[in-house]
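K.L.:
Sequence first, then the predicted structure:
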Amino acid sequence: MELKIRFLSWIAGIPVAMLNRKAASEIGVHPKDRVSIKTLGRDFRSFTTIIDTVKSFVKKDEIVVSSEIKDILKLKSGQKVDVSLAEIPKSLEYIKNKLSSKRFSRDEIFEITKDIVSNSLSESEIALFVSAMYQKGMNFQETIYLIEAILNSGDRLYLNNKVIVDKHCVGGIPGNRTTPVVVSICASAGLTFPKTSSRAITSAAGTADVVETIAKVDFEMKDLKKIIQKTNACMVWGGSLGLVPADEKIIQIEKALKIDPKSQLLASIMSKKLAVGSNHILIDLPYGKTAKLQNRHKALALKKNFERIGKYFKMKLKCVLTDGSQPIGNGIGPVLEMMDIIKILDPEQRGPKDLEEKALFLSGEIFELTGKARKGKGIELAKQILYSGKAFKKFKEIIKAQKGSLKGLKLPKFKKDILANKNGKVKYIDNHRISSLARAAGSPLDKSSGIYLHVHVGYEFEKGEKLITIYSESKSRLNEAIRFYKRERPIIF
């Protein structure tokens, strides 16, 4: 049925479309059914979405769509489109087969990925795919197929440089914001470092969330290339570039489910590296009791997976196992973490020593991996660049190129100091609970919300001394975070 396009006056956050009930009846669709929306003409575009039906508000000869569908199909108000009942995608059957312990073929994974990008699979069906990967696992060949399928789902960044570096941390450690420091040090030494990052999934902040406190992180590909040509580097949100759209959609579902299947973790990381042309990659694998990797055995197993995949794609890849037994740095939350980063980069300030040392270690490993420094000499070069102020200068160049400024970082007006009620020594800090505490305060959506850790494991304190300061942009969230701290006790002493 041909219908006229009308736009919603609000942003729905997800693709949404509405039909008049009479029109829906003629097409043969019911609420929550899929419809295919196709533009007319030779160069037609199509998109599948879940439909809702209304008695009034929408006329019989029109379809109301959200801004998301408008942008995807490049629609104009009043434009005519063809609306029809969409078939149930075959990929749903493939996902059900996986839940019955069958292996995915290459064609099946490519079909699933294509349907994720085209919106042919609903959010609940993508959740079923994530759950299938989580419950049944995927072997090496299936993981390779998934990497290739995700890579094939979007654009790529093509740079002429022979050596293109990248680093990635599998996450799970609050405050572990080494990337802006590492990128600044390495780019200062002349290395090309196109760093794309995700937003937080289950943590209190992702690198993109943190950089966004002082700079723009969403760019089109042509603008990104200009930034890299000018500064040797970038620190942007990968979701804005159209590099791996399938991965971004899957990550959104993982956020809701709060699960991160190993095969998807591997595919997500490696597809992003391949999409920007990286050929020298350092993977940080922190492990600890409350880290994403609970012990050294799991970290070594993942290291083996990464190295095997790196070899398959002819990358120079190295994994390093690091301490993930407790949070790193002091600030946890976008603004608080950026304040830590600036203190480390600025030679006139003093930042958290543990975060500084880890950033220097990772930078040194990259220098040795790329041949910029001899084995065992990488950290020396990293220290020289950091302490001379060159890294801070480069950082400011990148931020300026990304239309940002170091001015304007502010903490919220609501805060609460958690004081020790006795003398003691910190025995243990729970990573999960610390992240949850920061999220309870409003992080990462409320950029200045979060927590500041005044202590780490082994620190001896006296009664009345500050342990944590909770910051929040709202009084209600602050109170919720205080209740969470009292109930969950993230710090044991």
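P.N.:
Received, thanks.

K.L.:
The stretch 151-300 of the chain: strands as residue ranges?
P.N.:
Chain-ordered strands for the stretch 151-300 of the chain, with DSSP state E, counting those that start in this stretch as the definition, fall at 165-169, 193-197, 233-237, 280-287.

K.L.:
Give me the distance between the third one and the centre of its chain.
P.N.:
On the basis of C-alpha atoms, centre = their mean, to the nearest Å, strand 233-237 is displaced by 12 Å from the centre of the chain it belongs to.

K.L.:
before we move on, the earlier item: let me know which of the strands of the stretch 151-300 of the chain is the nearest to E111.
P.N.:
Checking the strands of the stretch 151-300 of the chain against E111 by C-beta to C-beta gives strand 193-197 as the closest, at 25.9 Å. Glycine gets a C-beta too; all of them are placed from N, C-alpha and C.

K.L.:
Name all residues that make contact with the residue nearest to the spatial centre of the chain.
P.N.:
Within the chain, one residue has its C-alpha closest to the average C-alpha position: by C-alpha atoms, centre = their mean, that is S198, at 1.9 Å. Contacts were defined as C-beta atoms under 8 Å, 6 or more residues apart in numbering; by that measure S198 touches G206, T207, A208, W237, G238, G239, E248, I251, S268.

K.L.:
Could you do K289 as well?
P.N.:
When contacts are counted by C-beta under 8 Å, 6+ apart, K289 touches N295, S325.

K.L.:
The stretch 1-150 of the chain: strands as residue ranges?
P.N.:
Taking DSSP E, counting those that start in this stretch as the criterion, the stretch 1-150 of the chain contains strands spanning 2-7, 17-20, 34-39, 46-54, 62-65, 80-85.

K.L.:
Make a markdown table from those and add mean neighbour count to it.
P.N.:
Conversion of the strands of the stretch 1-150 of the chain to a markdown table gives the following (neighbours: other C-beta atoms under 10 Å):
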| stretch | mean neighbour count |
| --- | --- |
| strand 2-7 | 17 |
| strand 17-20 | 22 |
| strand 34-39 | 19 |
| strand 46-54 | 19 |
| strand 62-65 | 23 |
| strand 80-85 | 17 |
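
K.L.:
Any idea which of those strands gets closest to F493?
P.N.:
strand 46-54 (50.4 Å).

K.L.:
Sheet-wise, list the partners of that closest one with their directions.
P.N.:
Taking DSSP bridges as the criterion, strand 46-54 forms sheet pairs with strand 17-20 (parallel), strand 34-39 (antiparallel).

K.L.:
So Y387, which state does it fall into?
P.N.:
helix (DSSP: H, G, I helix; E, B strand; the rest coil).

K.L.:
I'd guessed it sits against E348; true?
P.N.:
No: the pair Y387 / E348 is not scored as a contact, 11.3 Å apart, by C-beta atoms under 8 Å.

K.L.:
From K230, how far off is T179?
P.N.:
19 Å (C-beta to C-beta, to the nearest Å).

K.L.:
again, but for F193
P.N.:
Distance of F193 to K230, computed by C-beta to C-beta: 13 Å.

K.L.:
Who has more neighbours out of these two?
P.N.:
F193 (28 against 13; other C-beta atoms under 10 Å).

K.L.:
Neighbours of the residue nearest to that one when sequence neighbours are not counted, how many?
P.N.:
Of all residues not flanking F193 in the chain, A233 sits nearest, at 4.1 Å (C-beta to C-beta, 6 or more residues apart in numbering). Neighbouring residues of A233 were enumerated by other C-beta under 10 Å; the total is 25.

K.L.:
go on, S124?
P.N.:
10.

K.L.:
list the contacts for it?
P.N.:
With C-beta under 8 Å, 6+ apart, S124 has no contacts at all.

K.L.:
and it, how far is that from G464?
P.N.:
Here S124 is placed at a distance of 51 Å from G464 (C-beta to C-beta).

K.L.:
Repeat that for L8.
P.N.:
From L8 over to G464 the distance is 55 Å, taken as C-beta to C-beta.

K.L.:
same question, I126
P.N.:
Using C-beta to C-beta, one obtains 50 Å as the distance from I126 to G464.

K.L.:
between the two, who's got more neighbours?
P.N.:
Per other C-beta under 10 Å, whichever of I126 and G464 has more neighbours is I126, with 23 against 10.

K.L.:
Can you tell me the closest non-neighbouring residue to that one?
P.N.:
I253 is the one closest to I126 (C-beta to C-beta, 6+ apart), at 4.8 Å.

K.L.:
who are the neighbours in contact with the one you found?
P.N.:
Under the criterion of C-beta under 8 Å, 6+ apart, the contact list for I253 reads E123, I126, A127, V130.

K.L.:
My guess is the second one contacts K249. True?
P.N.:
Yes: in this structure, I126 sits in contact with K249. The criterion is C-beta under 8 Å, and the distance is 6.5 Å.

K.L.:
Need the overlap of contacts for these two.
P.N.:
Among the neighbours of I126, those also in contact with K249 (C-beta under 8 Å, 6+ apart) are I116.

K.L.:
Doesn't I341 belong to a helix?
P.N.:
Yes: using three-state DSSP, the secondary structure at I341 is a helix.

K.L.:
Report the contact partners of it.
P.N.:
With contacts defined as C-beta under 8 Å, 6+ apart, I341 is in contact with R177, P180, V181, V210, G351.

K.L.:
For it, report the pLDDT, please.
P.N.:
At I341, the pLDDT value in this model is 98.

K.L.:
Might one say that L3 is in contact with K80?
P.N.:
Yes: counting by C-beta under 8 Å, L3 touches K80, with 7.0 Å between them.

K.L.:
Output the contacts of I341 in CSV, with pLDDT and neighbour count appended to each entry.
P.N.:
What follows is the contacts of I341, written out as CSV (pLDDT from 0 to 100; neighbours: other C-beta atoms under 10 Å):
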residue, pLDDT, neighbour count
R177, 95, 31
P180, 98, 28
V181, 98, 27
V210, 97, 29
G351, 96, 20
